[in-house]
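Novice: have a look; sequence and predicted model below, questions after that.
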Amino acid sequence: MTRIPRQESSSNVYHVIVRGAGRRILFEDDEDRRFFLDKIAQCKDRCDVAILAWCLMENHAHLLVKCELSDLTRLMRSFNTAFARYYNGRHGHVGPVFQDRFKSYPVESDAYLMELVRYIHMNPQRAGICLHDEYPWSSYAEYIGKPTLCATESVLDSFGETRQFVDFHKSAPDEVAVDIIIEEGNISIKRAVIPDGEAVEIARRFFGSEFANSIASMPRTKRNDALRRLRNCGLSVRQIERLTGVGRGVIQKL
């Protein structure tokens with residue numbers, strides 16, 4: 001059967017999912033988890049890949065990466081071979097370890113990126129394991145502490161400071177700018193309508209309580225950057241017009 005070519009991301013950011021074959025448990029214990037992370041760290045350095053977020057669950061793992069598509073393929077080919085050899089040798093398993101090819105989905109906007117980081121970190125909480133900030137096998141601790149595997153700078157820059165990153169994870173995790181559904185190894189992402197109250201909070205988070213006056217009075221280049229940031233966070237053109245007083249035509253052109 002001919003394989004469908006992977007979709008390439010113009011931003012070079014991809015959400016990667018690997019699953020145990022037949023929904024089999026992928027991590028029997030912490031030693032398996034440590035090997036997974038150590039091997040990913042070794043392979044990413046050889047393949048010129050930056051890890052932006054990760055989470056290890058019982059029978060699957062999420063990676064958010066930034067790289068060329070060809071480098072992602074090299075990374076996963078090298079990693080999958082090494083992990084399967086380790087897993088089969090340690091546990092006496094015979095046959096495939098991973099379910100089919102790894103899944104990769106392009107991330108094309110800041111809004112998707114921010115929501116995917118939160119989605120990945122919230123996995124253990126949504127699964128009823130523990131609160132997201134108590135789970136030891138995700139990159140959340142790297143964002144609020146010392147990075148080890150992750151390149152956290154670009155994501156944290158979008159929030160301005162770590163406190164805003166923490167608040168973003170705590171605030172209404174089920175009401176997000178994009179609706180992300182993962183089922184049967186497939187993912188669908190669609191833009192959801194953000195309530196006006198949440199839109200106000202997003203604007204305040206980035207530009208302060210006086211955001212309406214401050215954005216409208218900015219120099220044009222800086223103002224346009226601010227408007228783009230609000231749009232990338234999922235606010236509609238009409239919402240931005242109402243909140244900032246900037247004309248709809250200006251916002252649409254951006």
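Specialist: That came in fine, so what should we check first?
Novice: relative to residue 215, how far out is residue 239?
Specialist: With distances defined as Cβ to Cβ, to the nearest Å, the gap from residue 239 to residue 215 amounts to 13 Å. The way it works is simple: take the backbone N, C-alpha and C, and place the C-beta from them, glycine included.
Novice: these two - which one has more neighbours?
Specialist: Set side by side, residue 239 and residue 215 give different neighbour counts by other Cβ atoms under 10 Å, the larger being at residue 215 (25 against 22).
Novice: I'd guessed the more buried one sits against residue 204; true?
Specialist: No. In this structure residue 215 lies outside contact range of residue 204 using Cβ atoms under 8 Å: 11.5 Å.
Novice: contacting residues around residue 154?
Specialist: Taking Cβ atoms under 8 Å, 6 or more residues apart in numbering, we find residue 154 in contact with 52, 66.
Novice: residue 23 too?
Specialist: So, once contact is read as Cβ under 8 Å, 6+ apart, residue 23 ends up touching 59, 99.
Novice: switch the cut-off to 10 Å
Specialist: Residue 23 makes contacts with 58, 59, 60, 99, 185, as judged by Cβ atoms under 10 Å, 6 or more residues apart in numbering.
Novice: mind listing what's buried along stretch 151-166?
Specialist: Burial within stretch 151-166, assessed by neighbour count using 16 or more other Cβ atoms under 10 Å, is assigned to 151, 152, 155, 158, 159, 165.
Novice: of those, which belong to helices?
Specialist: Assignment to helices by DSSP state H places the following of the buried residues of stretch 151-166 there: 155, 158, 159, 165.
Novice: let's have those in CSV, adding pLDDT and distance to residue 15.
Specialist: Below are these laid out as CSV (pLDDT from 0 to 100; distance: Cβ to Cβ, whole Å):
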residue, pLDDT, distance to residue 15
155, 92, 13
158, 85, 16
159, 85, 19
165, 91, 19
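Novice: pick the one among the residues you listed closest to residue 104.
Specialist: Proximity of those to residue 104, judged by Cβ to Cβ, is greatest for residue 155, which lies at 18.8 Å.
Novice: how about the closest one, what does it touch?
Specialist: The contact partners of residue 155, by Cβ under 10 Å, 6+ apart, come to 52, 53, 64, 110, 113, 114, 116, 117, 139, 143, 165.
Novice: my guess is the fourth one meets residue 233, correct?
Specialist: Yes. The pair residue 110 / residue 233 is scored as a contact, 7.1 Å apart, by Cβ atoms under 10 Å.
Novice: now residue 123: closest residue in space that isn't a chain neighbour?
Specialist: Nearest-residue entry for residue 123: residue 55, 5.0 Å, with adjacent residues in sequence omitted and distances by Cβ to Cβ, 6 or more residues apart in numbering.
Novice: do residue 118 as well
Specialist: Counting by Cβ to Cβ, 6+ apart, the nearest residue to residue 118 once its immediate chain neighbours are dropped is residue 169, at 5.6 Å.
Novice: how about the strands in the stretch 151-254 of the chain?
Specialist: In chain order, the stretch 151-254 of the chain shows strands spanning 178-183, 186-191, with DSSP state E, counting those that start in this stretch as the criterion.
Novice: want to try JSON lines for the buried residues of stretch 151-166, with distance to residue 243 as columns?
Specialist: Written out in JSON lines, the entries for the buried residues of stretch 151-166 read as follows (distance: Cβ to Cβ, whole Å):
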{"residue": "151", "distance to residue 243": "32"}
{"residue": "152", "distance to residue 243": "29"}
{"residue": "155", "distance to residue 243": "24"}
{"residue": "158", "distance to residue 243": "19"}
{"residue": "159", "distance to residue 243": "19"}
{"residue": "165", "distance to residue 243": "23"}
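Novice: all good on my end, thank you.
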